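Peer 1: 3D model of this:
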Amino acid sequence: MHTLNVFVGAFGLAVAASATPARAEPGDYTFWQTLANLVSPPRADNPVTAAQRSGQYPLLSNPAGFGDGFRPGAYGEWQTIRLAPQTGAVCGNGSPYKFFVNRVANTRNTIVYMEGGGACWDYPSCTGQTGVRGARNPNGIPDDYMGLLNPGASLVSPFVTRVSPFDAVKTQNWNMIYVPYCTGDIYSGDKVAIYPDPTGANPPLVWHHNGVRNVRAVVSWLKDNLPRPTQMLSTGCSAGGAGSLTSYAALRRDLAPDRGFLLDDSGPVFSAPTGASPAQYPSVPLTVLIRSAWGLDAAGGPVSYLAANLPLLSTTNLGSLYAALSAKFPNDRFGHTHFWKDLNFSGYSYERFYPDIGNAPDQATKEALVHAKWDIDTGRLRTTLNGLANFGGYFPQFRALNESHCTTIVDLKNGDVQDRGFELKQFVDSVLDGSGAVIDASEASDAADRAKPFNLLYWTIDQLL
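Peer 2: Next comes the predicted model:
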């Protein structure tokens, strides 16, 4: 009876998979191949080569016999994938790194979703001290992280839910890779830092800003265990958005999809030229600090690695990353989106670097000062993206959720650019399904957004956050 139930369930899964979406996508298997995949799951066909196992940031695999937890035929469920220390992967606190796979039988196409969750660069922020903006998962990643009891991960976005009650996106039918965040460095650092406790009450914190190596270990595992994707979307919100941006060139090269897409939600890497005035480039103080704290400029480190993959990248201005990616991959489609009234990422960017913001007499004054600097940075990024046909910029004003931070979390609603008649879903579709130039749109005023009716769902989520 158990065998019969398994077969019936598998057959039902195959029928559902073959019926969705309404039209076949490049990378989708036929109905009969999908059935065959349920019996004999497709194997990796783009394994790590000997050459890729050496050099700058090599692709390192789990040692033979290591129990990574992967069950090739366990479709439609989140599987915890463990990575051994030999892969170079580790969380900030030194605990083992792991990520999560939700596989389907009907397609090779794959979404790589990088989790958001702040940033850190000292003892208070990396230990998760109350009252200080810090980074997610300072104590590492539990095995049951993608369970329903942790909706901040398992239900964070329509991109990583199979059936969203709010929005349909074609990647809901793809293989899903959820890359959790536990290093505080927007997936971009490579340094073991020693942070002393400013109170002297506790021993110094040893913290692994290990984001680059963690992503490399995930890529290595994907190549050795899953088929090469025909279509690949790299996306994420906040730190995950920034990580999808900084990781894209190497991710795309090594996974080698036929079609590549990037959607950076609310993780901007603003222009901050070395030696520039903070009055003109407000993100300069933050950039100077993290380039040192996260080891970005070390010999053979993250910035030199980026530059080796992107010839047009200026190592003295990481905001050149957008144009460098656009030129390197002219046939890929890219998008960046964030709110003009964001008070989360902007808080990380300026609050601890500008005394007039940190010492503002009231919240309204503080927000006005933050927005003034955010407007300068966002305006420059908008101008950059307007000049790149394959890299769209979408900038709505305000949403009464999560400090107007992250346009694609929970749902794709209320991220409209009302004076242009655009919905956020149109921008997402322009990246994933469009042709010609990717949509560029920006909203001029937040008045219409603030006049929208009270949203009980958003309010409830804000209380939980």
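Peer 1: quick check: Arg213 touching Gly88?
Peer 2: Yes. Between Arg213 and Gly88 there is a contact under C-beta atoms under 8 Å: 4.0 Å. Where C-beta positions appear, they are placed from N, C-alpha and C, glycine not excepted.
Peer 1: surely Arg108 touches Leu222?
Peer 2: No. Using C-beta under 8 Å, Arg108 is not in contact with Leu222; the gap is 11.8 Å.
Peer 1: ok, longest helix in this protein?
Peer 2: Counting residues, the longest helix in the chain under DSSP state H turns out to be helix 363-386.
Peer 1: who's in contact with that one?
Peer 2: By C-beta atoms under 8 Å, 6 or more residues apart in numbering, the list of residues contacting helix 363-386 from outside reads 268, 270-271, 280-283, 319, 322-323, 336, 338, 340-343, 346-347, 349-351, 354, 356-357, 360, 391-393, 395, 440, 442.
Peer 1: which members of these occur in helices, if any?
Peer 2: In helices, judged by DSSP H, the following of the contacts of helix 363-386 are found: Tyr322, Ala323, Ser346, Gly347, Ser349, Tyr350, Asp356, Ile357.
Peer 1: of these, just the buried ones, ChimeraX syntax please.
Peer 2: This is how ChimeraX selects the buried members of the ones in helices among the contacts of helix 363-386, with burial counted by 16 or more other C-beta atoms under 10 Å:
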select :322,323,346,347,349,350,357
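Peer 1: would you turn the ones in helices among the contacts of helix 363-386 into JSON lines with distance to Arg82 and pLDDT?
Peer 2: Shown next, in JSON lines, are the ones in helices among the contacts of helix 363-386 (distance: C-beta to C-beta, whole Å; pLDDT from 0 to 100):
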{"residue": "Tyr322", "distance to Arg82": "35", "pLDDT": "98"}
{"residue": "Ala323", "distance to Arg82": "38", "pLDDT": "98"}
{"residue": "Ser346", "distance to Arg82": "36", "pLDDT": "97"}
{"residue": "Gly347", "distance to Arg82": "34", "pLDDT": "96"}
{"residue": "Ser349", "distance to Arg82": "34", "pLDDT": "97"}
{"residue": "Tyr350", "distance to Arg82": "38", "pLDDT": "98"}
{"residue": "Asp356", "distance to Arg82": "47", "pLDDT": "97"}
{"residue": "Ile357", "distance to Arg82": "42", "pLDDT": "97"}
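Peer 1: most widely separated two among the ones in helices among the contacts of helix 363-386?
Peer 2: Ala323 and Asp356 (32.3 Å; C-beta to C-beta).
Peer 1: and for the closest residue to Trp340 other than its chain neighbours, the neighbour number?
Peer 2: Closest residue to Trp340 apart from its sequence neighbours, by C-beta to C-beta, 6 or more residues apart in numbering: Gln397 at 4.9 Å. A count of nearby residues for Gln397, using other C-beta atoms under 10 Å, gives 23.
Peer 1: confidence score at Gln397?
Peer 2: You'll see Gln397 listed with a pLDDT of 98.
Peer 1: against Trp459, how distant is it?
Peer 2: Gln397 is 19 Å from Trp459, where distance means C-beta to C-beta, to the nearest Å.
Peer 1: do the same with Val303
Peer 2: Distance of Val303 to Trp459, given as C-beta to C-beta: 42 Å.
Peer 1: and the two? Which one has more around it.
Peer 2: Higher neighbour count among Val303 and Trp459: Val303, with 20 against 11, using other C-beta under 10 Å.
Peer 1: am I right that that one sits in a helix?
Peer 2: Yes. Counting by DSSP: H, G, I helix; E, B strand; the rest coil, Val303 is part of a helix.
Peer 1: could you check the pLDDT of it?
Peer 2: We note a pLDDT of 98 for Val303 in this prediction.
Peer 1: contacts only, for it.
Peer 2: Arg291, Leu296, Asp297, Thr315, Leu318.
Peer 1: now flag whichever of those residues is closest to Tyr145.
Peer 2: Nearest to Tyr145 among the contacts of Val303 is Leu296, at 27.5 Å by C-beta to C-beta.
Peer 1: so is that closest one in a helix, a strand, or just coil?
Peer 2: coil.
Peer 1: for the nearest residue to Cys126 once chain neighbours are set aside, give its distance to Met232.
Peer 2: Computed as C-beta to C-beta, 6+ apart, the closest residue to Cys126 that is not its neighbour in sequence is Cys120, at 3.9 Å. Distance, Cys120 to Met232, by C-beta to C-beta: 29 Å.
Peer 1: same question for Gly117.
Peer 2: Distance of Gly117 to Met232, given as C-beta to C-beta: 23 Å.
Peer 1: more crowded one of those two?
Peer 2: Set side by side, Gly117 and Met232 show more neighbours around Met232, with 29 against 24, by other C-beta under 10 Å.
Peer 1: can you tell me the element the closest residue to that one other than its chain neighbours falls in?
Peer 2: Closest residue to Met232 apart from its sequence neighbours, by C-beta to C-beta, 6+ apart: Pro257 at 3.8 Å. Under DSSP states H and E, no helix or strand contains Pro257.
Peer 1: how many neighbours does Pro257 have?
Peer 2: Residues lying near Pro257 (other C-beta under 10 Å) number 22.
Peer 1: which residues touch it?
Peer 2: Pro257 touches Thr110, Arg228, Pro229, Thr230, Gln231, Met232, counting by C-beta under 8 Å, 6+ apart.
Peer 1: can you pick the most crowded of those residues?
Peer 2: Within the contacts of Pro257, Met232 tops the neighbour count with 29 neighbours, counted by other C-beta under 10 Å.
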